[in-house]
Structures are given as structure tokens and as C-alpha cells.
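K.L.:
Generate coordinates for the sequence data below:
(chains A and B)
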Protein chains: 2
Amino acid sequence: MDRRISLITLGVADLARSRRFYEKMGWKASGPTSEDVVFFQAGGMILALWGRDSLAADAGLSDKGGFGGIALAQNVASPAAVDAVLAEAEEAGGRVLKPGHEAFWGGYTGHFADPDGHPWEIAWNPGFTILADGSVKLPD
Amino acid sequence: MDRRISLITLGVADLARSRRFYEKMGWKASGPTSEDVVFFQAGGMILALWGRDSLAADAGLSDKGGFGGIALAQNVASPAAVDAVLAEAEEAGGRVLKPGHEAFWGGYTGHFADPDGHPWEIAWNPGFTILADGSVKLPD
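P.N.:
Presented below is the predicted three-dimensional model:
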């Protein structure tokens, strides 16, 4: 298996509502986006939105609802940028799960949930380098 | 909000078991990996493993267990590569959720679950371009 991820798909209850939320947050739908599925280019990978029932059935999984033990994160360049993205998420119809605060690992972090409750951590981590193209590199 | 994802964190029940699974699949731990958390460089982003309880608490979410409506996917260069990765996952201690088959969207796809049940789709999609660095681009 190669060491890369091509797509992350978020299962959603109302595709139009979720698309509006991500578009308000600045994401741009492209590719084979349709009434059934939305694709956003995210650096060298793709973030997709699809019906949660379809996603579970496609993977052959049953779905009890709720959190499933996967969280997405975006690293930003400063603590102020963390607070700015959390405020943007609230204004776009998301929910702030944890406001910005100093993290136990030495940075500054906060969480929001998208309209389906999918968690995003927005973090400033002085130990992780953000390259000019937005990609993030672990220290060697 | 920038249009990129820095990290995906998978909540796990047994960090050592999950780390062994991903290492058998060819992933390489690096960065501030410890007994509590594992980081894998994944192209321009990071795949992390962390205790599922910690992940839920960190995001301020309750966790009923099971699938949470998020699936990861890796696009590969051929139908044969789909079958090869699924076989590798089974040998490494994963579970094939759906063997390789022709997809309704015109490609070839299958799913496996990692030791915690997190779903990975392995897909050959003739409509998505895989660049030399492994990144994937939506058509314009």
C-alpha cells in the first residue's frame, strides 16, 4: 500500500446544506460534482460529501449514528488564525465544540463540528512545518 | 478557511496493534511518535493514530462506538492494484468489507477495515488523475 490518502468522504444528511456550509467556509466544488455528491480539491487530495447512508452501504458497514473515531485537522500559521477559522465556522452554520485554547502538546487549538457533527480541529502547532503549498511535514 | 487538510486522526483501541497493522501495510512512523500517538507522513499531510477515548474527549464529543460517517480512500493505478492492496490488508490483520468489484461510477473498487473498523476504499477511477507524486487531481 502506498503511503498516501486520495480522498476523505464525509457522510452527510442533507447534501445541499453541507455543500453550502463548506462553500461559505471557502471551499470550491469541482470535478464530477452533482446533485448526489460534491468534490472539493484539497491540496493533493480530495474532500468529498456524500449521503451518509450511501457511504455506509458502499463500505458494507452498519451505522448507529454519531462520532466514529475519526477527526480531521487543519494546521494554521498562528493562534489568531485558529480563532478566526472557528469564528468563520460558527458564522457559516457550524458549531464550536471547543474554543481556542493552549494545547497540552504546546500549541493552540480549537474544534468545530460541521452541520453533520464531523469534527475539525484547527491548530497552530509550532512543531509542524507548513510549506508554501499548504502541505504539512513531520520533523524527521 | 484554507482548502486543505493537514491531519486525519484515527481513534484506536490498542495503539500498538494499530501501529503494527499500518506498518505491515508499508506506512512508516516518524515525527513526534510516542507510546501515546503515532504519526505517518502521507504525501503532503499526516495520518495519525491516537486513543479513541482521547480523540473524542479532545474534540468535546461523546462516542457511542461504531462507524461515524467518514471513509478514507486511496486511488491506485489499476484494478489489479485494488485487489493487491485488499489482499495485503487481509494478510496484515484487516478485514475485507467488500472485495474488488466494478463500481457503479465506472471504475473498480473494494473496501477493507483496519483493526478498529475504520473503512478504507481502494479504488481505480479512470476519471481521476494520479500525479507522479501520488497526489490526485479532480478534472476541471
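
K.L.:
going forward, measure contacts and count neighbours with C-alpha atoms only.
P.N.:
Will do.

K.L.:
Give me the nearest residue to whatever residue of chain A ends up closest to chain B, chain neighbours excluded.
P.N.:
Nearest residue of chain A to chain B: residue A:68, at 3.3 Å (Cα to the nearest Cα). Leaving aside its sequence neighbours, residue A:68 sits nearest to residue B:68 (Cα to Cα, 6 or more residues apart in numbering or on different chains; 3.3 Å).

K.L.:
SS state for that neighbour?
P.N.:
Recorded secondary structure, residue B:68: coil (DSSP: H, G, I helix; E, B strand; the rest coil).

K.L.:
got it, and the one 5 residues further on?
P.N.:
With three-state DSSP as the basis, residue B:73 sits in strand.

K.L.:
mind listing what it touches?
P.N.:
A:5, A:6, A:7, A:8, A:9, B:120, B:121, B:122, B:123 (Cα atoms under 8 Å, 6 or more residues apart in numbering or on different chains).

K.L.:
Just the buried residues of the helix ranked longest in chain A, please?
P.N.:
Assignment by DSSP state H gives helix A:79-91 as the longest helix of chain A. By 16 or more other Cα atoms under 10 Å in any protein chain shown, the buried positions in helix A:79-91 come out as A:79, A:81, A:82, A:83, A:85, A:86, A:87, A:89, A:90.

K.L.:
Whether it contacts chain B - can you check?
P.N.:
Yes. Helix A:79-91 lies within reach of chain B by Cα under 8 Å from any Cα of the partner chain, at A:85, A:88.

K.L.:
ranges for the helices of chain A?
P.N.:
A:15-24, A:52-59, A:79-91.

K.L.:
could I get those helices as a markdown table with mean pLDDT and distance to residue B:104?
P.N.:
Conversion of the helices of chain A to a markdown table gives the following (pLDDT from 0 to 100; distance: least, Cα to Cα, whole Å):
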| stretch | mean pLDDT | distance to residue B:104 |
| --- | --- | --- |
| helix A:15-24 | 97 | 20 |
| helix A:52-59 | 95 | 10 |
| helix A:79-91 | 97 | 34 |
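
K.L.:
Columns distance to residue A:116 on top of these, output as CSV?
P.N.:
Below are the helices of chain A laid out as CSV (distance: least, Cα to Cα, whole Å):
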stretch, distance to residue A:116
helix A:15-24, 8
helix A:52-59, 9
helix A:79-91, 13
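
K.L.:
Quick check: which of these is nearest to residue B:110?
P.N.:
Of all the helices of chain A, it is helix A:52-59 that lies closest to residue B:110, at 8.0 Å by Cα to Cα.

K.L.:
starting at the chain centroid, how far to the closest one?
P.N.:
19 Å (Cα atoms, centre = their mean, to the nearest Å).
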